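Novice: sharing a sequence plus its predicted fold:
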Amino acid sequence: MKQFHALLLAFFLILLVGCGEETQVTSVPEPIALTEDAAGHYCQMIILDHPGPKAQMFMAAYLHPLWFSQVRDGLARMKSAERTSEIQVLYVNDMGAAKSWQEPGVDNWIKADSAFYVVGSDAVGGMGAPEFVPFSSRDKADQFAHARGGNVLAFTDISAESVLSPIDITQSSQKIRTMDD
């Protein structure tokens, strides 16, 4: 009986010591498929109603991802110093796997920090602003930049200023082109 009590005491001591330590979840959530229920974090509009690549962001304090109608908006949220919760991961559509600009895909997600972005092209995102067009392949990004203008940048080369600075929407709306044009 003494052995049982000693074992029980050891179990409770281990449990007590374990409770005093903070455990940190290090697993990164997997992307989820885009559905008709997804609404943009900023605009609260249905994401699927807008052309161009999208973004989904998982934050430590939220159970569901934040959706963005444009990749630029997701990058802005990520690069902004003003946020209320730790960002776990940002996923963006791989436009190299997209059916078209109108149908960027519902499950072709790549991690934003591993994508190549065409910046400064004539591509305009779902909310009418110049878009940062993501690709998993550097070759496909280079092909898009050659056809549509712009430069190919890695995630680390995108500055906070480039996604947070004001833009001239009137200029963007005059040069709207789809990926299919």
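Specialist: Now that the structure is in, tell me what you want to look at.
Novice: which residue packs closest to P65, ignoring adjacent ones?
Specialist: Leaving aside its sequence neighbours, P65 sits nearest to Q56 (CB to CB, 6 or more residues apart in numbering; 4.1 Å). In short, each C-beta sits where N, CA and C put it, glycine included.
Novice: how many residues are close by the nearest residue to S162 once chain neighbours are set aside?
Specialist: Spatial nearest neighbour of S162, chain neighbours left out: V119 (7.0 Å); criterion: CB to CB, 6+ apart. V119: 21 surrounding residues under other CB atoms under 10 Å.
Novice: hang on, isn't V119 packed against G149?
Specialist: No: contact between V119 and G149 fails when scored by CB atoms under 8 Å: they sit 10.0 Å apart.
Novice: before we move on, back to that, who's the residue nearest to S162 bridged to?
Specialist: N151 (DSSP bridges).
Novice: how close does it sit to F144?
Specialist: Distance, V119 to F144, by CB to CB, to the nearest Å: 11 Å.
Novice: list residues touching both of these two?
Specialist: Among the neighbours of V119, those also in contact with F144 (CB atoms under 8 Å, 6 or more residues apart in numbering) are V133, G150.
Novice: alpha carbons of the lengthiest strand in the chain, in CSV - could you do that?
Specialist: What stands out as the longest strand in the chain, according to DSSP state E, is strand 87-93. Taking Å, rounded to 0.1, in the frame of the first residue of the first chain, the C-alpha atoms of strand 87-93 are listed here in CSV:
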residue,chain,number,x,y,z
ILE,A,87,0.3,36.1,-36.2
GLN,A,88,0.9,32.3,-36.6
VAL,A,89,0.9,32.2,-40.4
LEU,A,90,-0.3,34.0,-43.5
TYR,A,91,-1.3,32.0,-46.6
VAL,A,92,-1.8,33.4,-50.1
ASN,A,93,-3.1,32.0,-53.4
